[in-house]
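[1] sequence and computational prediction follow.
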Amino acid sequence: MISYRRCTEVDINLVFAAFIIGFSDYIVKIRIPKEFFVKRFFGPEGNKLELSFIALDSNKPVGIVLGGVKEYEGIKTMRCGAIALHPSYRGEGISQNLMRLHKEEAIKQGCKQLFLEVIAGNNRAISFYEDLNYEKVYDLNYYTLIEIGRLQRKNDLCLNITPMEVIGLKVIRKKILDVHINWQNDLEYLEQSEGQLTLAACIQNRLVGVISINKNSRINFLWVKNSFRCRGIATTLISEGIKILNLSKVIIGFPNNSLIQGFVKHIGFIKGNIVQYEMYCDI
């Protein structure tokens with residue numbers, strides 16, 4: 001008989017086991033140690049054990065849904081950080097029950113919307129979410145720059161590039177609230193990420209550009225003041241971040257944004273094969 005428990009009510013080893021077996025046949029292979037799982041999924045990803053649920057067959061973990069709540073772009077949101085089900089237990093209604101608990105918890109927490117990401121092409125999962133009234137809203141694309149020698153720095157603006165605290169990005173974020181930023185690039189995520197380097201580009205003590213880039217090669221935040229765009233500032237910031245962190249490549253992911261897409265393609269980034277949909281459900 002299947003029982004459902006809050007993840008705070010079971011050992012963390014069962015939570016990890018449910019996650020691993022549930023993703024054992026996933027499109028993207030996931031092989032991570034328990035320590036990394038706990039640190040990542042209950043750290044920057046924003047999931048909480050008390051907001052997550054596990055399905056058990058006796059004491060055997062067979063399914064899990066991870067949940068995390070925050071004010072996301074002005075709306076209190078419950079994000080599904082992961083839902084995974086043992087391959088042998090699919091088609092028995094367990095996923096529906098986990099997502100029902102997930103939604104009920106969101107309502108208890110006063111959330112106004114549910115949110116998740118799903119890989120494009122995972123049609124079974126997409127249909128499942130659509131049956132739960134989720135709708136595709138944004139495409140999330142990833143681009144990689146391997147030929148970092150192609151970057152051409154422009155120094156004719158006399159840029160002064162210095163480190164800044166991640167918290168300093170909040171001032172900039174308030175200026176661009178109408179720009180949608182995906183969950184993994186949101187400021188709360190960056191504040192908890194290890195190895196995060198944030199650089200400010202200034203001209204005569206005037207802030208004109210910012211980059212936040214991770215030691216894992218990911219660019220999370222890139223901004224240039226409107227009146228200073230198309231003058232090489234973003235390229236110079238990327239180049240400086242690569243140099244400081246000694247990176248061999250850089251990756252950037254972002255939702256629908258024609259300006260940033262055109263820029264990264266122009267400087268040599270190549271679009272990856274993985275595309276995700278951001279799906280939302282009003283509650």
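    Now that the structure is in, tell me what you want to look at. Residues are numbered from 1 along each chain as shown.
[2] ok now the lowest-mean-pLDDT helix or strand in the chain, how far from the chain's centre?
    Ranked by mean pLDDT, DSSP states H and E, the weakest helix or strand in the chain is helix 169-175, scoring a mean of 90. In terms of CA atoms, centre = their mean, to the nearest Å, the centre of helix 169-175 is set 19 Å apart from its chain centre.
[3] go on, stretch 223-236?
    24 Å.
[4] do the same with stretch 31-42
    With CA atoms, centre = their mean as the basis, stretch 31-42 stands 15 Å off its chain's centre.
[5] can you check stretch 143-153 too?
    The gap between the average C-alpha position of stretch 143-153 and the chain average comes to 23 Å, counting by CA atoms, centre = their mean.
[6] what's in contact with the next helix or strand after the least confident helix or strand of the chain?
    Sequence order places helix 187-192 as the next helix or strand after helix 169-175, per DSSP states H and E. Contacts to helix 187-192, defined as CB atoms under 8 Å, 6 or more residues apart in numbering, come from residues 43-46, 70, 166-167, 169-170, 173, 183, 196, 198, 212, 220-221. Heads up, the C-betas are built off the backbone N, CA and C, glycines and all.
[7] hmm, Gly46 is touching Lys70, no?
    Yes - using CB atoms under 8 Å, Gly46 is in contact with Lys70, at 6.0 Å.
[8] neighbour count winner among those two?
    Taking neighbours as other CB atoms under 10 Å, Gly46 and Lys70 compare with Gly46 leading, 23 against 15.
[9] quick one, phi psi at the more buried one?
    phi 90, psi 10 (degrees, to the nearest 10).
[10] between Gly46 and Lys70, which contacts overlap?
    Joint contacts of Gly46 and Lys70 (CB under 8 Å, 6+ apart) are 79, 188.
[11] tell me the contacts of Glu105?
    51, 53, 67, 78.
[12] which secondary structure element is home to the nearest residue in space to Gly22 that is not next to it in sequence?
    Nearest residue to Gly22, sequence neighbours excluded (CB to CB, 6 or more residues apart in numbering): Ala84, at 2.3 Å. Per DSSP H and E: Ala84 is located in strand 75-85.
[13] narrow the contacts of Glu105 to those in strands?
    51, 53, 67, 78 (DSSP state E).
[14] quick one: these as JSON lines, columns for pLDDT, neighbour count and distance to Ile244 too.
    Shown next, in JSON lines, are those (pLDDT from 0 to 100; neighbours: other CB atoms under 10 Å; distance: CB to CB, whole Å):
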{"residue": "Leu51", "pLDDT": "99", "neighbour count": "24", "distance to Ile244": "36"}
{"residue": "Phe53", "pLDDT": "99", "neighbour count": "25", "distance to Ile244": "42"}
{"residue": "Gly67", "pLDDT": "99", "neighbour count": "28", "distance to Ile244": "36"}
{"residue": "Met78", "pLDDT": "99", "neighbour count": "27", "distance to Ile244": "37"}
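[15] the residues you listed: which two are farthest apart?
    Phe53 and Met78 (12.2 Å; CB to CB).
[16] where do the contact lists of these two overlap?
    67, 102, 105.
[17] so which of those comes closest to Ser88?
    Using CB to CB, His102 comes nearest to Ser88 of the shared contacts of Phe53 and Met78, at 22.0 Å.
[18] what bridges to the nearest residue to the closest one once chain neighbours are set aside?
    Closest residue in space to His102, ignoring its immediate chain neighbours: Val65 at 4.9 Å, by CB to CB, 6+ apart. Assessed by DSSP bridges, Val65 has beta-bridge partners Phe53, Ile83.
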